[in-house]
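In: need a 3D model of the following:
(one chain, ligands or ions: 2)
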Amino acid sequence: MAPRPPAPAALTPETRVLSRNFGVAGSWTLAVARERGAYASLEKALGSMRPDEVVEEVKKSRLRGRGGAGFPTGVKWGFVPKDSPKPKYIVVNADESEPGTFKDRYLMELDPHLLLEGALIAAYAVGASKVWIYIRGEYPLCIERVEGAIREARAAGILGDRVLGHAFSCDADVHPGAGAYICGEETGLLESLEGKRGHPRIKPPFPAVEGAFGCPTVINNVETLMHVPWIVAHGGEAFARQGLPPDPANPRSLGSAGTKLMGVSGAVRTPGLWEFEFGITLRELVYGYGGGPLEGRAIKAVIPGGLSMPVLTEAELDVRMGFDELQKAGSGLGTACAIVMDDTCDMVDACENIAHFFADESCGQCTPCREGCHWMEKIFRRIRSGAGTPADLDLLEGLFVNIEGRTICALADAAVWPLRSIVRKFRGEFLRRMRPQPAPGAAAVAGGR
Ligand SMILES: Cc1cc2nc3c(=O)[nH]c(=O)nc-3n(C[C@H](O)[C@H](O)[C@H](O)COP(=O)(O)O)c2cc1C
Ligand code: SF4
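Out: Ligands and ions are numbered 1, 2, ... in the order given. Down below sits the predicted model:
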C-alpha cells in the first residue's frame, strides 16, 4: 500500500469562496446571508459596473464551467447577442445527475442566496430578465431552500422590478427535474424545461443564440455561478491568481483558476466534500482527506470526477486536480467528485454496472448510443457469466471506436471513457473470467476423428 501523504491544508472559512457559509447556523436564510455579505457584489455590479465590464471581469478571471466540460464562462457570456430583440434567459443547471457527485446539493442547501446572487449578476451581464433554476427532483431540500430564498429575495426587492432599486428587473423560478441523467445535458435540460422529453438538440445553434423557448440563453452550473460574486468583489485577476496557471508550453491551455469543491466517495474511510485551490493531487485528496482505504484493503482505481471519466490506477494518483493536468494523465476533472474502488471491486462487475447505467439513461435518439450501450452491457454480462471469450474484448474495442464522437450529445462518449479505460488497464481480470479456450489445434484434432 502507498504511504499516506500528509494532507495539505484545506481552505479556511476566511479563504473559502464557495463554502464560506457552510456550518453557519441558518446560512440559507436571507437575514444570515446578508449579515455575511450576501448581495454586496450584486449591488456593486448594478451600481458601478456596465454589463460588458462584468463580462470582461469574468473573462479575466479565467473561470471555467464546473459542470464537467470546463468551458470558459466569460467567453460563453460573450456569445449572447446584444442586439437580439428576444428576451434572454439564465438557466442554472442544478440537475447534478452525474453519479458520485454531490457538490451542487450542498451549495444549494447551505447557501441558496449565493446562487441567486451569482445568477442575478449573470443576468445583468447578458441582459437577461429571467432565471430558471432546474433542480434535480431527488433533491427536495434543495428545492425547498432555493424556493425559500427566491421568496425572501422577492420580498426584499432583490428579485422582480428594479432589483435593489436599480434600472434592472429580473425574476427567478425553480423547475424541478424528474430524475433523468440526460436532463443534465444542457440542451436535454432545455427541452425538459420547455415541457418536452429531455432529448438533446443538435448544436449549433448553441443555447447562447437559441436556447430556452428559442431565445438567447446562458446555461451554467450551480458552482460556476456561485464563483461570480467573489469575482465581482475582488476582481477577475485576483481569482485568476489562485489555482493552476495555464501551461506556457501550450498556447491553448486555459489553466485551472480559482477554487473548487472536490469530493471523495466509495471505498475510503472518510468520504466527504472540501474546497481547495486547484493543485492538490488526487492522491492527497483520496488518502489525505478521504482517509485512504478501509482497514486491510488497498485502493485499486479511482475515477477523478463522477463516473464519466477514464479511471486512473493507484500508481497514477500523483496527478494534480486540474483540467489540463488530468487530461494529460489520460483522464479528466469531470465534476471533481472522485469515486474510489478498492481490491474487493470486481472490474467486470463494475463494467456491467456502468454499461447498464448508460444504456438505461440513453435517450435513444442516436443509433450508436441506443444500440451500442446495450450491446456493451450484454458483452460485459456475458463475460461476467463466464461465457465470454477474448474475441469479446476486440468486439468491445470496435464498439468504443464506433460510439465515441458519433452522437448528438456526450452521453455516449461518457459511457465509452470509463469502460474503455477499465478494459485496457485491468485486461487480466477480464481474461480470468472467460471460459477456458481450446489449445491451438485442438479443434482440428477433435474434428479429424
Ligand atoms: C449526459 C450529460 C449529463 C450532464 N449532466 C450535468 C449536470 O447534471 N449538471 C451540470 O451542471 N452539467 C451537466 N452536464 C454538462 C452540461 O451539458 C453543460 O456543459 C453545463 O451545464 C454547462 O455549465 P458550465 O459551463 O457552468 O459548466 C452534462 C453533460 C452531459 C453530456
Ligand atoms: S448520445 Fe445518447 S443520450 Fe445523447 S442524444 Fe444520442 S442517444 Fe440521446
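
In: give me every residue in the stretch 1-150 of the chain lying close to ligand 1.
Out: Among all residues of the stretch 1-150 of the chain, those adjacent to ligand 1 (criterion: C-beta under 6 Å from any ligand atom) are 65-69, 71, 93, 95-98. Using the backbone N, CA and C atoms, a C-beta is placed for each residue, glycine as well.

In: ok, 8 Å please
Out: Where the stretch 1-150 of the chain comes near ligand 1, counting by C-beta under 8 Å from any ligand atom, the residues are 64-71, 73, 76, 93-98, 101, 104, 136.

In: looking at the residues you listed, which are in helices?
Out: Assignment to helices by DSSP state H places the following of those there: 73, 76, 104.

In: right, is stretch 213-222 up against ligand 1?
Out: Yes: applying C-beta under 8 Å from any ligand atom, one finds that stretch 213-222 is in contact with ligand 1 at 219-222.

In: between those residues, which has the most around it?
Out: Neighbour counts for the residues of stretch 213-222 next to ligand 1, by other C-beta atoms under 10 Å, peak at V222, which reaches 30 neighbours.

In: burial of the closest residue to that residue other than its chain neighbours, as a residue count?
Out: Residue nearest to V222 in three dimensions, not counting chain neighbours: D104, with 4.0 Å by C-beta to C-beta, 6 or more residues apart in numbering. Using other C-beta under 10 Å, D104 has 28 other residues around it.

In: just the pLDDT at D104, thanks.
Out: Model confidence at D104, given as pLDDT, is 98.

In: equivalent analysis for A2, please.
Out: According to the predicted model, the pLDDT of A2 comes to 46.

In: what sits up against the longest helix along the chain?
Out: The helix of greatest length in the chain, counted in residues with DSSP H as the criterion, is given as helix 367-384. Helix 367-384 has contacts (C-beta atoms under 8 Å, 6 or more residues apart in numbering) with 348-349, 351-352, 355-356, 358-359, 362-364, 388, 392, 395-396, 399, 402-403, 406-407, 411-412, 415, 419, 430, 433-434.

In: name the next helix or strand downstream of it, please.
Out: helix 390-403 (DSSP states H and E).

In: output the contacting helices and strands for the next helix or strand after that following helix.
Out: Counting by DSSP H and E, the element after helix 390-403 in chain order, helix or strand, is helix 411-425. With contacts defined as 3 or more C-beta pairs under 8 Å, 6 or more residues apart in numbering; DSSP states H and E, the secondary structure elements packing on helix 411-425 are strand 299-303, helix 347-361, helix 367-384, helix 390-403.

In: TSV please, covering those and showing mean neighbour count.
Out: Supplementary listing: these in TSV, determined by neighbours: other C-beta atoms under 10 Å:
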stretch	mean neighbour count
strand 299-303	25
helix 347-361	20
helix 367-384	20
helix 390-403	16
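
In: and the angle for the longest helix of the chain with helix 347-361?
Out: Interaxial angle, helix 367-384 versus helix 347-361 (axes from the mean of the first three to the mean of the last three C-alpha atoms, to 10 degrees): 150 degrees.

In: so which elements touch the helix or strand hosting D171?
Out: Remark: D171 resides in strand 171-176, with elements defined by DSSP H and E. Contact partners of strand 171-176 among helices and strands, from 3+ C-beta pairs under 8 Å, 6+ apart: helix 112-126, strand 130-135, helix 140-155.

In: that one: what's the following helix or strand?
Out: Scanning forward in sequence from strand 171-176 by DSSP H and E, the next helix or strand is helix 186-193.

In: longest strand in this protein, please.
Out: strand 259-266 (DSSP state E).

In: next, the angle from it to strand 299-303.
Out: Relative orientation of strand 259-266 and strand 299-303, computed by the same axes, to 10 degrees: 140 degrees.

In: strands paired with strand 259-266, and their directions?
Out: Here strand 259-266 has these sheet partners by DSSP bridges: strand 272-277 (antiparallel), strand 337-342 (parallel).

In: compare those and give me the one nearest V55.
Out: Between V55 and these, the tightest spacing by C-beta to C-beta is seen for strand 272-277, at 24.3 Å.

In: hmm, A412 is touching R406, no?
Out: Yes: using C-beta atoms under 8 Å, A412 is in contact with R406, at 7.4 Å.

In: contacting residues around F102?
Out: 96, 263, 265, 273, 337.

In: which two from the residues you listed end up farthest apart in space?
Out: Spatially, the most separated pair among these is E96 and S265, at 13.4 Å (C-beta to C-beta).

In: more neighbours, these two?
Out: The neighbour comparison of E96 against S265 (other C-beta under 10 Å) goes to E96, with 26 against 17.

In: where's that one relative to ligand 2, distance?
Out: Computed with C-beta to the nearest ligand atom, to the nearest Å, the distance linking E96 and ligand 2 is 17 Å.

In: kindly report the same for E325.
Out: Distance, E325 to ligand 2, using C-beta to the nearest ligand atom: 28 Å.

In: any idea which element that residue lies in?
Out: Mapping E325 onto the secondary structure by DSSP H and E places it in helix 323-328.
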